[in-house]
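> Following is a predicted model, sequence given first.
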Amino acid sequence: MFLDETIIEVISGKGGEGLSSFRREACVPNGGPDGGDGGKGGSVILEVNEQYTTLLDMGNQRKYKAKQGANGGTAKCSGKGSQDLIVGVPQGTLVKDDEGRILADLTEIGQQWLAAQGGRGGMGNQHFATAKNQAPRKTIPAQLGERKILHLELKLMADVGLVGFPNAGKSSLVNKISSARPKVGAYPFTTLEPILGIVRLGERSFVVADIPGLIEGAADGKGLGHQFLKHIERTHTLLFVIDGFEDDAYKKYQKLCKELELFHPALAEKQRIIAINKADLNVEKTAKTFAKHKLTVQVVSAVTGEGCKELVFKLKDMLPSLHQKGWH
């Protein structure tokens, strides 16, 4: 199961209370104030966990509460501060408030964001002795923790996002080129949730996201349009998978482009490549139509594997991040 939206409650710890006390020893008849300070309450911190791929990996817990700081002691002993509570989230998590404002965009492995600040510890009466008042009972109360309701939204982090109408063969193609094994079937909407696959070439790899098949009107929310389209916003390159055996294949491609542009104009500017699927059924006519429009095309067969290796190398050449890592 894939989960890409959830709501959590975070509560940081209250600070420990400062103590009001006085030094009492037989040999020190006029001992002064010695009340210690309270410890700091624990904060709640969201941290990107590389082992998480979906918000479901966070488990069923929806309330995260850090512990309170310890109270101050006698002899000017400070209370122990509470440890921060680290909450793991998947890479690509957006954090929003109740009004939809973005508070954090967690895109890097190990990245942290302070969700709720732990309360400051109270101050003991040791701090308030003066020449006029050598036995103060004054303390400063501890600070309460924070309580927040946070809306988490996951947008997949992938190098390549697959786009296509239902039954174009996206899931079958992902099966051929990556480690993912999405369900494949000869009926619409086999894939109902995004699937990440790792494409390996020697010691290097890149990530492809199989986005569920779109339908006309997806940009307006038809079907599960908005839920699907948001996952290709972060991808570097778009891989359009087209059923090359259809007579109106190029028109289908134009409709896909329009849906992306309507959803977010920036998607229309993304680098792209077109995989014309079903080479085993003779799709030369379709390939020539796309070539006339000077589009980057690779004819493939998700059934036999024809053209898949060439497609992977073309994708590799289109991803500059791989060359920055030394992949030539």
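Ah, there it is.

> what are the ranges of the strands in the stretch 51-200 of the chain?
Taking DSSP state E, counting those that start in this stretch, the strands of the stretch 51-200 of the chain run over residues 63-65, 85-89, 93-96, 102-106, 112-116, 147-154, 160-163, 195-201.

> Please list all residues in contact with the residue nearest to residue 130 when sequence neighbours are not counted.
Leaving aside its chain neighbours, residue 130 sits nearest to residue 136 (7.4 Å; criterion: Cβ to Cβ, 6 or more residues apart in numbering). Glycine gets a C-beta too; all of them are placed from N, C-alpha and C. Applying Cβ atoms under 8 Å, 6 or more residues apart in numbering to residue 136 gives the contacts 33, 125, 128-130.

> what would those residues look like in JSON lines with pLDDT?
Output for those, formatted as JSON lines (pLDDT from 0 to 100):
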{"residue": "33", "pLDDT": "93"}
{"residue": "125", "pLDDT": "95"}
{"residue": "128", "pLDDT": "95"}
{"residue": "129", "pLDDT": "91"}
{"residue": "130", "pLDDT": "91"}
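
> Separate out the buried members of the residues you listed.
33, 125, 128 (16 or more other Cβ atoms under 10 Å).

> Surely the second one touches residue 32?
In this case it means residue 125. No. Here residue 125 does not reach residue 32: they are 9.3 Å apart, not a contact under Cβ atoms under 8 Å.

> ok, back up a step: now, the buried ones among the contacts of residue 136 that are in helices?
Among the buried ones among the contacts of residue 136, the subset assigned to helices under DSSP state H is empty.

> Provide the partner residues of residue 277 in its beta bridges.
Here residue 277 sits in beta bridges with residue 243, as judged by DSSP bridges.

> swap that for residue 7, sorry
Here residue 7, judged by DSSP bridges, has bridge partners residue 151.

> what number of residues lie near it?
Using other Cβ atoms under 10 Å, residue 7 is surrounded by 11 other residues.
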